[in-house]
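A.B. asks: below are the sequence and a predicted model for it; my questions follow.
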Amino acid sequence: MKLPMSKTILVISIIILLFIQLAKPALATPSQKFREYMEIWTENSELASKYLKEAENEFKQGDELEGCVNQRKAAIYGIKGTESLIKAFEISGSTNDLSNIESGLAKWKELRDFC
């Protein structure tokens, strides 16, 4: 079955557009990726802090269940943010001493698994 020329061009155009969309992340410059990872770090660390404060308040009020829910949310955001921070450091070449950041990541994981 042979496609008419206009349909063939349309199909090829769609394939090219899909390829370009899929290739965009690979075409990002290191500085763009660094900024993206730092934005992810900032957003997630703010959310982690918010949920951690909520968890603390819940625990103080004696609501362990809700406290654990918020603690787990905080840890999930903390893990995601810290992993992004590590990636940003790797992009910038500042990987000489990531031990403090990796230690923080381990603490987030411990906090997540505590409840």
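C.D. replies: Now that the structure is in, tell me what you want to look at. Keep in mind it's a predicted model, so treat the numbers as computed, not measured.
A.B. asks: quick one: residues contacting the spatially most central residue of the chain.
C.D. replies: Note on the chain: the residue nearest the mean C-alpha position is Lys80, at 4.6 Å, using C-alpha atoms, centre = their mean. Each residue near Lys80 by C-beta atoms under 8 Å, 6 or more residues apart in numbering is listed here: Ile40, Asn44. All C-beta atoms are positioned from the backbone trio N, CA, C, and that covers glycine.
A.B. asks: equivalent analysis for Asn96, please.
C.D. replies: With C-beta under 8 Å, 6+ apart, Asn96 has no contacts at all.
A.B. asks: do you know how far it is from Glu90?
C.D. replies: 11 Å (C-beta to C-beta, to the nearest Å).
A.B. asks: try Ala55
C.D. replies: The value you get for Ala55 to Glu90, if C-beta to C-beta is used, is 30 Å.
A.B. asks: quick revisit: before we move on, which element is the residue nearest to the centre of the chain in?
C.D. replies: Assessed by DSSP states H and E, Lys80 sits inside helix 64-92.
A.B. asks: off-centre distance for that helix?
C.D. replies: From the chain centre to the centre of helix 64-92 is a distance of 9 Å (C-alpha atoms, centre = their mean, to the nearest Å).
A.B. asks: pLDDT below threshold where in this protein?
C.D. replies: 1-13, 16-28 (pLDDT under 70).
A.B. asks: scan it for its longest helix.
C.D. replies: Ordering each helix of the chain by length in residues (DSSP state H) puts helix 30-60 first.
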